[in-house]
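> after the sequence you'll find the predicted model.
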Amino acid sequence: MYVRTHKVKSATTPITICPISDIQWAGDEEDIAYDLLEAHVDNCLQHPTPLFLGCGDMIDFASPSNRERLLQAKLYDTAKNVIANATKDLVDDLYRRLLKPTTGKWLGLTQGHHHHEAKIGELKDGTAVMEDSDVYLAKLLRAPWLDEMGVIKVVFPGGGVFRVLAFHGSGSSVFPWGPLIKLYRLMPHFHVDLLVCGHHTK
């Protein structure tokens, strides 16, 4: 877990915290509510000071079980290279299509369940430079990396602090209040003003 600080320039500056999570981008607009997501990002950017907060699963590759199966498959280096290149392409595509205008306007980005190593470059000797896809996206967005869970302290001039806990989340529930129970169990353990959890679509 990381603790990050975001300093607000003026005590009278209005800020809008804009959570965005579980895009699960796989390259096809038909797979997600693309138009609604695009409208959401545009709407957030209309605010005077939008501060985005990502809670993981920005791309849809690969789930924990998929990553385990790929490790067990004992793939050739060529196949691993193709997968790593495809992973980077997914992140680049999501960034270019939807998230580029948000660059530099982030409180942080957490790790989700759906991620994979991406080939982000190559050394002179031909060795691949690899990086986790979520970490790579955070760097593109100039978003502080929060790992699996992070606390962001939004600090105002004069000493006011607004604390946000962000994490991806886990588990499932058939009831719409299921995620609230998980947050309720966390509440006594953190001195924060806002809890933001991804994973659940309720």
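Cool, got the structure.

> so for Ile83, what's the pLDDT?
At Ile83, the model reports a pLDDT of 94.

> so how many other residues sit close to the nearest residue to Pro64 once chain neighbours are set aside?
Nearest non-adjacent residue to Pro64, counting by Cβ to Cβ, 6 or more residues apart in numbering: His113, 5.8 Å away. In short, each C-beta sits where N, CA and C put it, glycine included. By other Cβ atoms under 10 Å, the residues close to His113 number 19.

> how near is His113 to Ala79?
Distance of His113 to Ala79, given as Cβ to Cβ, to the nearest Å: 23 Å.

> can you confirm the residue nearest to Pro64 is in a strand?
No - assignment of His113 by DSSP: H, G, I helix; E, B strand; the rest coil gives coil, placing it outside any strand.

> worst-scoring helix or strand of the protein, pLDDT-wise?
Least confident helix or strand of the chain, by mean pLDDT, DSSP states H and E, is helix 178-186 with a mean of 85.

> so which bits of that helix are buried?
Buried residues in helix 178-186, counted by 16 or more other Cβ atoms under 10 Å: 179, 182.

> which residues are in contact with it?
165, 169, 171-173, 195, 197, 199-200, 202 (Cβ atoms under 8 Å, 6 or more residues apart in numbering).

> next, the nearest residue to Ala26 once chain neighbours are set aside: phi, psi?
Spatially, and ignoring its direct neighbours in sequence, Ala26 is nearest to Asp60 (4.2 Å; Cβ to Cβ, 6+ apart). Phi and psi for Asp60, reported as degrees, to the nearest 10, are phi -110, psi 30.

> can you tell me how far Asp60 sits from Ile23?
Counting by Cβ to Cβ - Asp60 and Ile23 are separated by 8 Å.

> show me what contacts Val8?
By Cβ under 8 Å, 6+ apart, the residues touching Val8 are 15, 49, 154-157.

> ok, back up a step: these two touch, right, the residue nearest to Ala26 and Gln24?
Yes - when contacts are counted by Cβ atoms under 8 Å, Asp60 is listed as touching Gln24 (3.9 Å).

> His191 contacts Val164, doesn't it?
No - between His191 and Val164 there is no contact under Cβ under 8 Å: 11.7 Å.

> so which bits of stretch 102-117 are buried?
Across stretch 102-117, burial judged by 16+ other Cβ under 10 Å covers 102, 105-117.

> need the helices for the protein, in chain order.
Secondary structure of the chain (DSSP state H): helices located at 34-45, 64-72, 77-94, 133-141, 178-186.

> burial measure for Ser170, as a count.
11.

> ok, now Gly171?
10.

> that older thread, so how far is the least confident helix or strand of the chain off the chain centroid?
Taking Cα atoms, centre = their mean, to the nearest Å, one finds helix 178-186 lying 20 Å from the centre of the chain it belongs to.

> quick one on the thing from earlier: for Glu148, see how far away the residue nearest to Pro64 is.
Using Cβ to Cβ, His113 is found at 10 Å from Glu148.
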